[in-house]
Structures are given as structure tokens and as C-alpha cells.
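In: Take a look and give me a structure for this.
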Amino acid sequence: MLSFFKKKYIIPIVACGFLFVGVSFKEDFFEIAKQIEIFTTLFKNVNMNYVDQTNPGELMDKAIKNMLAELDPYTVYFNEQDVVKAKINNTGEYTGIGAIMTRKDGKFIVREPFKNYPADKAGLKAGDEIIQIGDVNLIDFKEDATQLLKGGKNAKIDLKFKRNGEIKTTQLILEEVELKAVPFFAKIDDKTGYIVLDKFNAKATVETKQALEKLKEQGATQIILDLRGNPGGLLGEAVSICNLFVENNEVIVTTKSHISKHNNIYKTSKSPVDTQIPLAILVNGRSASASEIVAGALQDLDRAVVIGSRSFGKGLVQRYLDLSYGTQVKVTISRYYTPSGRCIQALDYSKKDANGKVTKTEAKNFNAFKTRKGRPVYDGGGVLPDIELAETKSNYIIDALVRNDAIFNFGTQYYYKNSTLGDKIPNLTDADFADFKKYIKSQNISFDTKTENALKETLEQAKKEKVDTAIKLQYDSLMLTLQKAEDVEVDKNKTEILALLHDEIIKRFQYKEGLYLYYTKNNSEIKKATQLLNNTAEYNKILIN
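Out: Residues are numbered from 1 along each chain as shown. Below you'll find the model as predicted:
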């Protein structure tokens, strides 16, 4: 990006209000018109007079996106290509390769191939680096590489990829891909049904209802609904899924804004499937948005026991608005409130510290509310489970290992070292954990603790002031001590780390379906939920007290 973008985001700031003229986000229309005129003049003059050739479309795209980033992470501009991807996420259908792809550090990586879809049929594995698509070499390709994997049904795409340092080739044949909202459901014992709800797309309610009804037909008399890792989606689907378990005309969520037309009350509108079946809901720190509406509403209505760790804390509602030339903006229009009246938004983006950082609401500032039967529940930081499980809570060690792809990359390494296992589920040992520790050391994984970052900043400042030589010995000693302390923390989290490694490795041998099947017999949260549902007295005690 050009230097004036890097320093102060001049264009994004000047452009403030550019997208919102048509939606009444500003009452002073003269000020809006003034700023648009300034922006238009600036944009035109920069593009006409800048020393090098500019790309107006790219500049505008970055300008808008940087401007919106000042508001919150959820108010987002979609160019034409972005709109296509957003529609795929919401509908769950597209023509493509059937794999999760990521771009990191300039590499285009296969994250997870879906069983029996084009990427899988072409022999691609998690961890493969795609280096060429058709005639396009991705080394110097700066655009969105996923667009090169689009096409009509049965279109053929030649690929060149790298696996364990070896260059390979294959051919993809595109086909229709369906992203299931409910990728797995099954009975896990004589009376317990288990449903994984992975996303809230347009098919979420239909698929959840089908799973619930089939499980009941198979004799299930109690249900576990797994929302762990579900990032949310369509608000209407969250309301409809609640409707499967509660009566018609029940308030599920209320949205409030300073703009009156965005103030709405969402109620159930259909006959339920079962209002009495015992229900346990699993959540964790990656359960967000619509997941939190379902968990929070059914908790407030004393309709389900929530188990796991505190959810993400996204209590903001977005709406897609159409713009010119097939583009869109997704705007945060309101906050949502559960039936008890609580908003579980963890961050207040209107309030930032001196460094421009948004901080989480502290527990001491949470407000108390009551469920229908009088149980205390709290706002301000996600849905707090009725039963908290320590092993599901994240921390800086776990977060750093996941963020730096240590779990993912070790899983790739393990898979190829143990490929003779076929589709057997491996049992990780102490030796495997020792290998993992050696691996993270070899990769210089940074845990980015405040102490570690402060030390690095101190050394950088010392270099600028040319006194780094004088403090280098003490710096190295402190860093060594810190690294030893981090080693101790890794050991303390051995159980949780091995569980994450196990999950990742199972997917390599048996896909996501194998992981869910493994969960039904071995996952601690599912075991706890099953035990609770089997203990009617304890289940009722939680909901009544």
C-alpha cells in the first residue's frame, strides 16, 4: 500500500460517511456531502498525479476497508468477488473444490479437504501448498487465489502443489459442493442423541430439525446440541432453531439501536418439535453470534443446560446492504439482547484506550439478570455456561500454538511419518508430546506474552539508541528464563495440547466425520453432558435453582 495509506489512513478518514448516505447513518447531510466532495477531489488528484501508475480499484478497496476497520471487525465492505464468497457462506451451495483453503505467509495451503469432493478425489491433503493453478504461478500472484478455483460444473483445473518438499501435479474436476450446517448427528447411547451444528446458513434449521426428528425416531429421549466452534451466521436461523425446542410466540432475541427501524423483537412463529426433551448445549470460546443467541436464549428460558467454557461474546447484529456495481457493505446495525435482557457483547468498540485498543469488559462490571425461573445470568462477556469445564478454557499457550499453526503443521508432519496406519486412529504418547515440544522449539514459535513483547521492544529501542551491546547479556538471560517458564506452561497444558493434536491428526486419517465419531465415545464435554442428562435430578436442579 502507498505510504500515505500506511501512516494515517488519510483516504479512509476523509472518506468517513461515504457508504452510509443512503442508510441515514448521519443526520448532517451537508457534512456528508462536503466530505464526499473532498474525498472525490483527493482521489481523482492522487490517481492523476502520483509518481507511479496507480490502480484506482485497488486503492478504493483498501481505502474503504481501512475506514471500516476503525468501527468494528464486523462492518465490512465486499467487492464483487467478496459478494460471491459471502453468498456461498450463507446459502451453503457453490461449484468448487470442496476444501478449506488458507493464505498465510504468502503460501496457499489446503487446510481441510472434504471427503469425496473434488479436492479429495484429486488426492489433495491437508498441508499441501498449491503453487500453481492452471498457468498462474502463485508465487507472485497477489490477488485472491480462490477465484482461480471457480468455474462451471465439470470444469477441469490443473494444479501444481508441494508436499514434503516434493513437487506434484493433479487435476481438479469442479462439482457442486454443499456445505452442511449439520455435518454429523448420531445416537451415542441408548437414549442420547448428539447433533453437531457447524454453521447458521440458510439450511441450518431444516438440517437440525431433520436430525432431531430422526434421532427421536431412533429412540433418543435426550439431546446434546454441539455449538463449539460455530462462528454464527443468520439471525433468523438462530430464532428458528430455538423454535424447535420452545413454543410458538416466545421472544428469543431483541435488537436495539439508536436508529429506530433497527429495533426489533424476534419471536418464534411455528409449532415446536419437542418442548420437553432434556437438552444440553455445548459451547466454547469460539462459539459466537447466532450460536450465542441459541445458547443464551435457551438458557434464559430455562430450556437447556449450557456446558463448556464462556462463549466468544459477539452481541452485535449486521445487515447486508447493496451498493453500486454488485458490491455490498455489511454494517453493524444494532446490539442483540437475550430474553432476560442481557447483551453478551464482550468488547465496546466505541471505547478505546490511548493506544486505540479495545479492551474486554471486566467481570466486576458484569450486570446480573435472571432467567424465567429466577436463576442469575450475566451480560458483558459471552454466555457463561451453567457447568464450566476447566479443560475447555483457552489460554495464551493454547492460543499461540493454534495461531502459529503449530498444531496444524505438526499434524501434517505426523501424518506422513505414520502413513502406514491407514485409517486407524492413532494413540498419542509421551514420546509424541516430547516430539511436539522439540518441533515448536525448532520452529521458534513465539507465545507473544506481554513480557516477551516488552523485552523485544526494549531491545529494539536499545538498538536505536546504540546501547544494545551493553544490555545484550542481561537480555539473553531474561529471554532464556522466560522461555523456561513457557516450557513449564506447555507441560502444564499437556492434556489439552495432546487433545488438540489428536483431533487434528484424526482428521488427517478419517476426515471430519471420523473426528465426530471419535468424539461420541471419547470427548470429555460430551461425556459430561451425557452424564448430566442421565441424571434427571441433577439436570432439573440446575434449571430450577
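
In: longest helix anywhere in the chain?
Out: For the chain, the longest helix by residue count, based on DSSP state H, is helix 494-522.

In: Run the chain-centre distance for that one.
Out: 19 Å (C-alpha atoms, centre = their mean, to the nearest Å).

In: what's the next secondary structure element after that helix?
Out: helix 524-534 (DSSP states H and E).

In: name the helices or strands packed onto that next one?
Out: Helix 524-534 sits against strand 192-196, strand 222-226, strand 279-283, strand 305-308, helix 536-544, with contacts defined as 3 or more C-beta pairs under 8 Å, 6 or more residues apart in numbering; DSSP states H and E. Where C-beta positions appear, they are placed from N, C-alpha and C, glycine not excepted.

In: how about the CA coordinates for that helix, as CSV?
Out: C-alpha atoms of helix 524-534 as CSV (Å, rounded to 0.1, in the frame of the first residue of the first chain):
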residue,chain,number,x,y,z
SER,A,524,-14.9,-35.0,27.8
GLU,A,525,-17.5,-32.4,27.2
ILE,A,526,-19.9,-34.9,25.6
LYS,A,527,-19.3,-37.3,28.4
LYS,A,528,-20.1,-34.7,31.0
ALA,A,529,-23.3,-33.7,29.1
THR,A,530,-24.4,-37.3,28.8
GLN,A,531,-23.8,-37.9,32.5
LEU,A,532,-25.9,-34.8,33.3
LEU,A,533,-28.7,-35.8,31.0
ASN,A,534,-28.7,-39.3,32.5
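
In: hmm, back to that, buried residues in the longest helix of the chain, which are they?
Out: 496-512, 514-520 (16 or more other C-beta atoms under 10 Å).

In: now stretch 307-327
Out: Buried positions in stretch 307-327, judged by neighbour count with 16+ other C-beta under 10 Å: 307-318, 323, 327.

In: Check stretch 201-216 too.
Out: Within stretch 201-216, the residues scored as buried using 16+ other C-beta under 10 Å are 201, 203, 204, 205, 207, 208, 209, 211, 212, 215.

In: hang on, the third one packs against residue 196?
Out: No - the pair residue 204 and residue 196 does not pass the contact test of C-beta atoms under 8 Å, sitting 11.6 Å apart.

In: and for these two, which residues touch both?
Out: Listed as contacting both residue 204 and residue 196 by C-beta atoms under 8 Å, 6 or more residues apart in numbering are residue 182.

In: before we move on, back to that, which members of the buried residues of stretch 201-216 are positioned in helices?
Out: Among the buried residues of stretch 201-216, the members found in helices (DSSP H) are 204, 205, 207, 208, 209, 211, 212, 215.

In: Out of those residues, flag the one nearest to residue 235.
Out: residue 204 (11.1 Å; C-beta to C-beta).

In: Tell me which residues touch the residue of the chain most remote from its centre, please.
Out: Farthest-out residue of the chain from its mean C-alpha position, per C-alpha atoms, centre = their mean: residue 470, at 44.6 Å. Shown in contact with residue 470 (C-beta under 8 Å, 6+ apart): residue 462.

In: pretty sure residue 112 is in a strand, no?
Out: Yes - checked against DSSP: H, G, I helix; E, B strand; the rest coil, residue 112 lies within a strand.

In: name the element the closest residue to residue 122 other than its chain neighbours belongs to?
Out: Counting by C-beta to C-beta, 6 or more residues apart in numbering, residue 170 is the residue found nearest to residue 122 once chain neighbours are left out, at 4.5 Å. Secondary structure from DSSP H and E places residue 170 in strand 166-173.
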